[in-house]
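# coords please:
(one chain, ligands or ions: 1)
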Amino acid sequence: MRISANLPNRIDAQISLQPESRFIGVTGPSGAGKSSLFRALAGVEKSAKVETPWASQKVGILFQQPMLFPHTNVRGNLALAQRHASPNAMPIDACLRACYCEHLIDKPIHALSGGEAQRVAIARALVNGPDVLLLDESLSAIDVFTRRKIYQFLKNLCVSGQLTCFVISHDLDDLALFSDELIYIDRGRAELCGPTRDVLARVFERESFTTPSSVLEGETVATPHKSDGNNQNNNAVSNHNTNSDRQEGRYGSAILTDDNSQAVNGIVLILVAGHEIYVSEESVSYFPQQGSEQLSARFAVKACDVSIDTNIADFGNASTISILNALPCVISSINPASTTLITAESEPQTVQTQHGKTHSAKVLLKLNVINSNQTLYASISHLSLTRLHLETGMQVIARFKLP
Ligand SMILES: Nc1ncnc2c1ncn2[C@@H]1O[C@H](COP(=O)(O)OP(=O)(O)OP(=O)(O)O)[C@@H](O)[C@H]1O
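Got it, this is the predicted structure:
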């Protein structure tokens, strides 16, 4: 899929995506041009020159501000959207369920909270039946649990070929979980574009993140879908799923529903490189595996949550610590954690050396997970690096708390 957009003095972006990519994340620094790109792609910017593969298709755009019609209530907003809906658009009740706003149907717009208004705006967009949906930080006010459920619903529509989503977000974990490919915009240009994991790694390097997240994938341990027909959202998807044959064609026979998880007490078990890993329900995204009945699960692990254990003989035996997860790894690189990025979460940390110079108190380890091609980051102190005599090529156990 090739996209080009030119908006004088603001955007000059050439984007090349794999034809099968349906959920595309977009990120980049503030003021980089992400919103301008979306406005150009949606045809809102009249001076923009744009080439997209969806010229004859229905494109919807949603901003951070929901822009609902204030003179009517939620029901009225949805009814107005339905007037111009495409023939295969989802029914109103299915859209409401998917966006967790059935209970809001009779509320006036001024009485909605910020997150509720964003949920209604997404439901309204779905009622319209777009082929392509551009979401510009449109879920930013929604709590993480609900937000990821809605992303998973959109992802399922994408997997079944009913929708293509472009999603702008500053939350890299959200994008890591759901995106097939990621675009990084800087100074109006698509500086990076490609598979999510690769682009993320380069974004972390480029922006000198002190605690990057690694994206791990594995298989769900239990059966891929619940067989009971009692899930309302599940029904909403299957009622609308007119393209299930397309899903079968592109992927295996795994079925994505809106409740894929086999969570027990909010915890999901995932097999990564043959090891059982515990992940909290809201931190997992699901997608079908090619040629398999099993669903793949994806989750992100923050570098600051990973500890290093050199006692590799004790791999499965750490019964005296609370950290649940362990993966055998080989250290592939050791780098000083950068101090250039200052965020609310991570102030740069420095230590005073004997010679009066300062350097970062942390180092970033890149770890190759043994028996897989997956990478894990660990952010540890210089003190631990020295105390444990860590060096590249060394085999260690990476232990991390429930993501
Ligand atoms: N209508 C406009 N006319 C002229 N310049 C604009 C207009 N809207 C935005 N800009 C400028 O274009 C640049 C890109 O803005 P844009 O809103 O696209 O960035 P962004 O990447 O979405 O930022 P953020 O992450 O902060 O939302 C900024 O320098 C901004 O000041």
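# Could you pull up the residues touching residue 194?
Counting by CB atoms under 8 Å, 6 or more residues apart in numbering, residue 194 touches 181, 182. Just so you know, the C-beta spots here come from the backbone N, C-alpha and C atoms, and that holds for glycine as well.
# Run through the bridge partners of it.
residue 182 (DSSP bridges).
# Could you tell me the per-residue confidence at it?
Listed pLDDT for residue 194 reads 95.
# quick one: it from the ligand, how far?
Separation of residue 194 from the ligand (CB to the nearest ligand atom, to the nearest Å) stands at 19 Å.
# Ok, residue 105 next?
For residue 105, the distance to the ligand - CB to the nearest ligand atom - is 31 Å.
# wait, that residue sits on residue 97?
No. Residue 105 lies out of contact with residue 97 (CB atoms under 8 Å); the separation is 11.1 Å.
# out of those two, which sits in the more crowded spot?
residue 97 (22 against 17; other CB atoms under 10 Å).
# what's the next secondary structure element after the helix or strand containing the more buried one?
In this assignment (DSSP states H and E), residue 97 forms part of helix 92-98. For helix 92-98, the succeeding helix or strand toward the C-terminus, using DSSP H and E, is helix 114-127.
# what does that following helix rub up against?
Here helix 114-127 has contacts from 60, 62, 64, 66-68, 74, 77-78, 81-82, 85, 89-90, 92, 95-96, 98-101, 104, 107, 109, 112, 133, 135, 138-143, 146, 150, using CB under 8 Å, 6+ apart.
# Domain map for this structure?
As assigned by automatic domain parsing, the chain contains the domains 2-207, 219-301, 304-400.
# If any of the contacts of helix 114-127 are buried, give me the ChimeraX selection for them.
Entered in ChimeraX, the line below selects the buried ones among the contacts of helix 114-127, by 16 or more other CB atoms under 10 Å:
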select :60,62,64,66,68,74,77,78,81,82,85,89,90,92,95,96,98,99,100,101,104,107,109,112,133,135,138,139,140,141,142,146,150
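# Give the other helices and strands that the helix holding residue 97 contacts.
If contacts are counted by 3 or more CB pairs under 8 Å, 6 or more residues apart in numbering; DSSP states H and E, helix 92-98 sits against helix 74-83, helix 114-127, helix 232-240.
# now do 6 Å
helix 114-127, helix 232-240 (3 or more CB pairs under 6 Å, 6 or more residues apart in numbering; DSSP states H and E).
# Pairing partners for the next helix or strand after the first one, with directions?
Going back to what we said before, that points to helix 114-127. Downstream of helix 114-127, the first helix or strand assigned by DSSP H and E is strand 132-136. For strand 132-136, the paired strands and their directions (DSSP bridges) read strand 59-62 (parallel), strand 164-168 (parallel).
# deepest of these, which one?
strand 164-168 (a mean of 24; mean count of other CB atoms under 10 Å).
# what comes up buried for the longest helix seen in the chain?
With secondary structure taken from DSSP state H, the chain has its longest helix at helix 144-159. By neighbour count with 16+ other CB under 10 Å, helix 144-159 contains the buried residues 146-159.
# tell me how far that helix is from the chain's mean position?
When C-alpha coordinates are averaged (CA atoms, centre = their mean, to the nearest Å), helix 144-159 and its chain have centres 9 Å apart.
# In terms of secondary structure, what does that helix contact?
Right, helix 144-159 is packed against no helix or strand by 3+ CB pairs under 6 Å, 6+ apart.
# and the gap between residue 10 and the ligand?
Residue 10 is 5 Å from the ligand, by CB to the nearest ligand atom.
# Mind checking what secondary structure the residue nearest to that residue when sequence neighbours are not counted has?
Once flanking residues are discounted, residue 10 sits nearest to residue 36: 4.7 Å by CB to CB, 6 or more residues apart in numbering. Following DSSP: H, G, I helix; E, B strand; the rest coil, residue 36 is assigned to helix.
# So what's the residue count around the residue of the stretch 51-200 of the chain found nearest the ligand?
Of all residues in the stretch 51-200 of the chain, the one sitting closest to the ligand is residue 185 (6.2 Å; CB to the nearest ligand atom). The burial count assigned to residue 185 is 24, neighbours taken as other CB under 10 Å.
# Then residue 332?
13.
# What would the helix or strand harbouring it look like as CSV? C-alpha coordinates only.
Element membership of residue 332, judged by DSSP H and E, is strand 325-336. Below are the C-alpha coordinates for strand 325-336, written out as CSV (Å, rounded to 0.1, in the frame of the first residue of the first chain):
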residue,chain,number,x,y,z
ASN,A,325,7.9,-14.6,35.0
ALA,A,326,11.3,-15.9,33.9
LEU,A,327,12.9,-16.3,30.5
PRO,A,328,16.4,-17.6,29.7
CYS,A,329,18.3,-15.0,27.7
VAL,A,330,21.7,-14.1,26.4
ILE,A,331,23.0,-10.6,26.8
SER,A,332,23.5,-9.2,23.3
SER,A,333,24.5,-5.6,24.2
ILE,A,334,25.1,-3.3,27.2
ASN,A,335,24.6,0.4,26.7
PRO,A,336,24.6,3.3,29.1
